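1. sequence below, structure please.
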Amino acid sequence: MLGLSKEIFYPYSPERVWQVITNSRTLAKWLMENDFEPRVGCKFCFYSQSLPGIDTNIRCEVIEVDEPLRLVYTWQDCMMSQSSIVIWTLKAVEGGTQLRLQHRIRETALRSARQPVYSQGLPSRFIPKASDSFILASYFNGGWEKKLCGLPSVLREINSV
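-> As a prediction, the model looks like this:
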């Protein structure tokens, strides 16, 4: 599996951080408009209006909820052949919460075949060709960092848990 992993500290309780990543209204403030519900089996969408005329919505399904420690859902835009997996893990630490985001992609979700990278004539490693999904690529190339940086303003807005 290919993937991205980010960890960030927030000086708020896990319950408060959980509220921001699992409440549809607060989730919309820092990530995207959505019809999310934190229950296993919930099929929902993140609605994006970033490119008029192009379907940039992301279809998801909640596959694990362990409040307030772990949330897992699938993530698939119209350009992906298979869904990827988003995993949120919250850990109480001194002074707040360590939030870990993992976004995993099955290599078969990339529509292009893998290509060998040659070093001195021998295949030294394999890398995926660019995905057809510019939406997914945008999240892997700085989009998640930008979104995670928007979380603190929403955390400050909500009432203390």
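2. going by C-alpha atoms from here, please, whenever you check contacts or count neighbours.
-> OK.
3. give the contact list for L71.
-> V62, I63, E64, V65, I87, W88, T89 (CA atoms under 8 Å, 6 or more residues apart in numbering).
4. so the fourth one lies in a helix, does it not?
-> No: note on V65: no helix contains this position according to DSSP: H, G, I helix; E, B strand; the rest coil, which reports strand.
5. helices and strands of this protein: which one bottoms out on pLDDT?
-> strand 122-128 (a mean of 36; mean pLDDT, DSSP states H and E).
6. assess the claim that C42 and V62 are in contact.
-> Yes: checked against CA atoms under 8 Å, the pair C42 and V62 is within contact range at 5.4 Å.
7. the two: which has the busier surroundings?
-> Comparing C42 with V62 by neighbour count (other CA atoms under 10 Å), the higher total belongs to V62, at 21 against 15.
8. ok, the closest residue to Q49 other than its chain neighbours to M32 distance?
-> Distance criterion CA to CA, 6 or more residues apart in numbering; nearest residue to Q49, sequence neighbours excluded, is T56 at 7.0 Å. Going from T56 to M32 by CA to CA, to the nearest Å gives 11 Å.
9. what touches both of these two?
-> Residues touching both T56 and M32 by CA under 8 Å, 6+ apart: Y47, S48.
10. what segments of the protein are helices?
-> In the chain, the helices defined using DSSP state H lie at 14-22, 24-30, 134-138, 144-157.
11. CA atoms of the first one as PDB?
-> Just to be clear, that refers to helix 14-22. C-alpha atoms of helix 14-22 as PDB (Å, rounded to 0.1, in the frame of the first residue of the first chain):
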ATOM      1  CA  PRO A  14      -9.400  14.000  22.500                       C
ATOM      2  CA  GLU A  15     -13.100  14.400  23.000                       C
ATOM      3  CA  ARG A  16     -12.900  17.900  21.600                       C
ATOM      4  CA  VAL A  17     -10.800  17.000  18.700                       C
ATOM      5  CA  TRP A  18     -13.100  14.000  18.000                       C
ATOM      6  CA  GLN A  19     -16.000  16.400  17.900                       C
ATOM      7  CA  VAL A  20     -14.300  18.500  15.100                       C
ATOM      8  CA  ILE A  21     -13.500  15.400  13.000                       C
ATOM      9  CA  THR A  22     -16.800  13.700  13.400                       C
END
